[in-house]
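J.: sequence first, predicted model second:
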Amino acid sequence: MTKKPARGAAAHSITRVIHFCYGHRILGHRGKCRHLHGHNGVIEVTLRRPKLDRLGMVMDFERIKTLVEKWVRTTLDHKMLLHCRDPLAPVLRAEGEPVVTLRGNPTAENIARLVYARARASKLPVLCVRLWESRDSVAQYPGA
């Protein structure tokens with residue numbers, strides 16, 4: 001029988017970086033973010049395990065690529081991310097634009113949470129997801 005590591009015990013982690021582009025706007029925002037605009041986002045998906053597998057890995061990076069990065073490329077990359085109540089969503093769709101709607105505003109925080117949920121649903125031992133909206137601004141889910 002193997003013991004679980006004690007709380008605070010050392011663990012191994014890996015991070016896969018995913019680059020993608022997206023547009024959005026924030027409903028109800030009073031500043032510039034109320035307008036449609038875009039970002040070259042960077043997602044960091046960090047996995048953590050108490051022990052390495054028989055090959056000496058937390059997990060093969062290819063698995064993150066297959067389960068999360070391909071989903072990001074298909075679902076979020078070069079898409080307009082909007083609140084599900086955004087009146088522009090049906091207009092943009094009618095013009096043939098790729099629109100993805102979220103239950104809340106498509107903030108960096110909510111996008112990070114969305115990617116985290118995808119990683120969890122894929123049974124990955126995800127510690128956190130960080131979304132760099134710009135080189136100076138990052139959101140993390142779950143928080144530290």
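T.: Okay, I see it.
J.: so who does the most centrally placed residue in the chain touch?
T.: Geometric centre of the chain, nearest residue: V115, 3.2 Å, by Cα atoms, centre = their mean. With contact set as Cβ atoms under 8 Å, 6 or more residues apart in numbering, V115 has these partners: I43, V45, V68, V72, V129, L131. To be clear about C-beta, it is placed using only N, CA and C from the backbone, and glycine gets the same treatment.
J.: buried ones in the helix with the most length in the chain?
T.: Secondary structure of the chain per DSSP state H: the longest helix is helix 108-121. By 16 or more other Cβ atoms under 10 Å, the buried positions in helix 108-121 come out as A108, E109, N110, I111, A112, R113, L114, V115, Y116, R118, A119.
J.: now the second one: how far from A94?
T.: Looking back up the chat, that one is E109. 29 Å (Cβ to Cβ, to the nearest Å).
J.: L127 contacts P50, doesn't it?
T.: No - using Cβ atoms under 8 Å, L127 makes no contact with P50, being 11.6 Å away.
J.: between the two, point out the one with more neighbours.
T.: L127 (18 against 15; other Cβ atoms under 10 Å).
J.: can I take it that the more buried one is in a strand?
T.: Yes - counting by DSSP: H, G, I helix; E, B strand; the rest coil, L127 is found in a strand.
J.: what's the closest non-adjacent residue to it?
T.: R48 (4.0 Å; Cβ to Cβ, 6 or more residues apart in numbering).
J.: how about the strand or helix carrying the one you found: buried residues?
T.: Assessed by DSSP states H and E, R48 sits inside strand 37-49. Within strand 37-49, the residues that count as buried by 16+ other Cβ under 10 Å are H39, G41, V42, I43, E44, V45, T46, L47, R49.
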